[in-house]
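what follows is a predicted protein model with its sequence.
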Amino acid sequence: MHDLWLPAAIVALALVFDFINGFHDAANSIATVVSTRVLSPRWAVIWAAAFNFLAFWVFGLHVAKTVAKGVAPEFYTLPVVTGGLVGAIFWNLLTWWRGLPSSSSHALVGGFAGAALAYGGPSALIPSVLLKIGLFIFIAPMLGLVLGWLTMVGTYWAFRHSSPARVSKLFRKLQLVSAAAYSLGHGGNDAQKTIGIIFVVLLASGRLPPDAAGPPDWVVVACYAAISLGTLMGGWRIVKTMGQKICKLQPVHGFAAESAGALTLYGATWLGIPVSTTHTITGCIVGVGSTRGIHAVKWGVATRVVWAWVLTIPAAAGVGALSWYVFNFCGWR
């Protein structure tokens, strides 16, 4: 009986993380469309949640496989996975409470790596995979910034002879499309991280053979449903930071930021790279805002956000490692 309920409890904890991920990262999908008043908060989260779930039919499972490869298979144990989830959930709730947009993706990777390191030492980690994930802490927001800036400059040039009223009316409609495209990318990249973790749980508990090609379909559907429901709840503290405090946005700016973010996420997801949707859209917003001059961006707020990014992996890893030591002390190995 113990062998049955324990893996089920850990899978449930992973789905709780996935729900909190959607709740925490709802700001990524809806902040711009809410702050520009194109959609009310209620309709914005419904719109985003729907496209989070539709990503199930669009993207493969490349990201899920990358997450599962960050730790050597012989160190896949239930206490390690549970410690990683505890570290990620702790960091997500802390940054949500402080209203800081941080990376659920890197919190999960950090928590998992910290618990594995506590269990098996440096040999438990696969540096090449973790290095690729770590590099995209910097690459994703910079790519988003550049694409956001280019999209905004291109839009300004294309509509340079149009009246502000006409531009505003047009982009209020187009932003619905860009918000949907970004939410699709958010669901496609973020839900897969939890799929990868549950896959590890099933392997570690013997529910799947070691040579299993991938997770069963019920895992994929459950993870997409959990993140969609979390998005539906909305993390309003972070919405305010993302949509109002970094820089003021109009519909045309929201369209440019979301379009650039969607392109970045689609590329990363198809390449199997778990990136931070938070980092990506923040970089896009800063890039779009900077086209109006350096003073259009509130750099003090942006600096606080960056510090949260830097601390995410070590903080989640620390809690993940501490959790594993507690489990070990209690006799759960």
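Great, that's in hand. Residues are numbered from 1 along each chain as shown.

low-confidence ranges, the stretch 101-250 of the chain, go.
101, 234-248 (pLDDT under 70).

that one: helices as residue ranges?
With DSSP state H, counting those that start in this stretch, the ranges of helices along the stretch 101-250 of the chain come out as 104-120, 127-158, 164-204, 217-233, 236-240.

dump the fourth one to PDB, restricted to CA.
Think helix 217-233. Output of helix 217-233 as PDB, limited to C-alpha atoms (Å, rounded to 0.1, in the frame of the first residue of the first chain):
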ATOM      1  CA  ASP A 217      -0.900  10.600 -21.900                       C
ATOM      2  CA  TRP A 218      -2.700  11.100 -18.600                       C
ATOM      3  CA  VAL A 219       0.400  12.900 -17.200                       C
ATOM      4  CA  VAL A 220       0.500  15.300 -20.200                       C
ATOM      5  CA  VAL A 221      -3.200  16.100 -20.000                       C
ATOM      6  CA  ALA A 222      -3.100  16.500 -16.200                       C
ATOM      7  CA  CYS A 223      -0.100  18.900 -16.300                       C
ATOM      8  CA  TYR A 224      -1.700  21.100 -19.000                       C
ATOM      9  CA  ALA A 225      -4.900  21.200 -17.100                       C
ATOM     10  CA  ALA A 226      -3.200  22.100 -13.800                       C
ATOM     11  CA  ILE A 227      -1.200  25.000 -15.200                       C
ATOM     12  CA  SER A 228      -4.300  26.200 -17.000                       C
ATOM     13  CA  LEU A 229      -6.400  26.200 -13.800                       C
ATOM     14  CA  GLY A 230      -3.600  28.000 -12.000                       C
ATOM     15  CA  THR A 231      -3.500  30.700 -14.700                       C
ATOM     16  CA  LEU A 232      -7.300  31.000 -14.400                       C
ATOM     17  CA  MET A 233      -6.800  32.000 -10.700                       C
END
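
residue numbering should commence at 52 henceforth.
Fine by me, first position is 52 from now on; the one you just mentioned is helix 268-284.

surely Phe70 is in contact with Ser279?
No. Contact between Phe70 and Ser279 fails when scored by CB atoms under 8 Å: they sit 9.2 Å apart. (Each C-beta comes from the backbone N, C-alpha and C, glycine too.)
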